[in-house]
Structure formats: C-alpha cells, structure tokens
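**Q** here is a sequence with its predicted model. Questions after.
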Amino acid sequence: QVNLVESGGGLVQSGGSLRLSCTAPDYTLDWYAVAWVRQAPGKEREAVACIRNKASGTWYSDSVKGRFTISRDNSVNTVYLQMNSLKPEDTAVYYCAAASKYTNRKDDYNYWGQGTQVTVSS
C-alpha cells in the first residue's frame, strides 16, 4: 500500500495561483506514474493531469491545459501541480493518485491520497 499525502490547497480568488504537492513518505514516488484527480461537489472524479514514472511525459485534460503544470522533483520525492489562472469551476477536492503504469484513466490508479480542498472565489 502506497501512502500518498497531498498539501497546498486553500482559498484563492479567481485568477490566482496555487501549488499542490504530493509526497509518499514510505515509497520512492518516481517508480510510479502520478495523476492529479479532482472531484467537485455533485460531480464525478475527473483526472486533470498525469506524469510518467521517471520520464517527463505528461497529459492534461482540456479543462486545465495551458493553466496547470504537473512536475516532479525526485530529489524530494514530490509531485507538484502548479495551478494558474484559477477559475471558480476549478473548485474541488484534489487527489493525488499513483499507478505502476502510466495512464490518464483515473480508474487505473491504485493508490490515492486523502485529498486537499481547493476553493476559488469569484
């Protein structure tokens, strides 16, 4: 079981920025592909970005492309989601998820964090 811990959520005004972090205290995170998945109230979970294990390949959903950037710093065992130009519709709980194989399908991710709340006010 890979334990994932997210941080960095909060309240921000529309147009603002936040950076989310995901770390795995007991595992080497660069062995895994990592995704950021969000869930807004009353909606299904939506994968918004993912990054390959070790390599630099990334994927973004159309809803965040050009505004969000996923990256990883293996020296500190952390994956980041830089979120710029935030909109009220980005309000959601953001989850970090890990999988042995790279995929943009949220259902293929085996390990999940507890989530961090992001609220964007208009």
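**A** Nice, I can see it.
**Q** alpha carbons only for contacts and neighbour counts from here, please
**A** Noted.
**Q** next up, the contacts around residue 11.
**A** Under the criterion of Cα atoms under 8 Å, 6 or more residues apart in numbering, the contact list for residue 11 reads 118-121.
**Q** one more time with 10 Å, if that's ok
**A** 17-18, 91, 117-121 (Cα atoms under 10 Å, 6 or more residues apart in numbering).
**Q** partner strands of the host helix or strand of it, with direction?
**A** The secondary structure element spanning residue 11 is strand 10-13 (assigned by DSSP states H and E). Each strand that pairs with strand 10-13, with its direction, by DSSP bridges: strand 116-121 (parallel).
**Q** contacts for the strand it pairs with, please.
**A** Contacts made with strand 116-121 from outside it, assessed by Cα under 10 Å, 6+ apart, are listed as 5-18, 20-21, 38-40, 86-96.
**Q** just the buried residues of those residues.
**A** The neighbour-count test (16 or more other Cα atoms under 10 Å) marks 5-7, 9, 12, 14, 17-18, 20-21, 38-40, 86-87, 90-96 as buried among these.
**Q** among those, which are in strands?
**A** Under the assignment DSSP state E, these contribute 5-7, 12, 18, 20-21, 38-39, 92-96 to strands.
**Q** any weak-confidence spans in this structure?
**A** Low-confidence segments of the chain, defined by pLDDT under 70: 55.
**Q** redo that, cut-off 80
**A** Residues of the chain meeting the criterion pLDDT under 80: 54-56.
**Q** assign the residue sitting nearest the centre point of it to helix, strand or coil.
**A** The structure's the chain has its C-alpha centroid closest to residue 36; by Cα atoms, centre = their mean the separation is 2.4 Å. Put simply, residue 36 is strand when judged by DSSP: H, G, I helix; E, B strand; the rest coil.
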